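Colleague: Sequence plus predicted model, see below.
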Amino acid sequence: MLAAIDKHRKTYNTDYIDSLLIHCMTRGEWTDQWKRVMDGFNEAKDRKWIRAQGVSCHSLPALRAGGTVIANDLSA
């Protein structure tokens, strides 16, 4: 995940990317399935490669599962 983010930073010739989004989560267990990506986003944010991360949830179960993830990023 970090290699892909770094590749895009270099392609865009920038030090950071404003935001990255996990799009169209519909299942309530998406946080388990996408943990590797979320961990990569967190690491990239720690390295200041991205400024914000998010997820678009397209069902109530997905929104409930992502509530903690979303709240943690918004409070940072």
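Modeller: Nice, I can see it.

Colleague: Show residues contacting the strand or helix carrying residue 8.
Modeller: If you go by DSSP states H and E, residue 8 is part of helix 2-11. The contact list for helix 2-11 (CB atoms under 8 Å, 6 or more residues apart in numbering) reads 15, 16, 17, 20, 40, 43, 44, 47, 49, 50. In this view, the C-beta of every residue, glycine as well, is placed from N, C-alpha and C.

Colleague: Quick check on the residues you listed: which are buried?
Modeller: 17, 20, 40, 44, 49, 50 (16 or more other CB atoms under 10 Å).

Colleague: Let me know the secondary structure of the residue in the chain sticking out farthest from the centre.
Modeller: Distance from the centre of the chain peaks at residue 13, with 20.8 Å (CA atoms, centre = their mean). When classified by DSSP: H, G, I helix; E, B strand; the rest coil, residue 13 comes out as coil.

Colleague: ok, residue 67 to residue 36 distance?
Modeller: When distance is defined by CB to CB, to the nearest Å, residue 67 is 20 Å away from residue 36.

Colleague: Also residue 26?
Modeller: Where residue 36 is concerned, residue 26 sits at a distance of 19 Å (CB to CB).

Colleague: Next: residue 62.
Modeller: 18 Å.

Colleague: which of the two has more neighbours?
Modeller: Shown here are residue 62 and residue 36; by other CB atoms under 10 Å, residue 62 has more neighbours (20 against 9).
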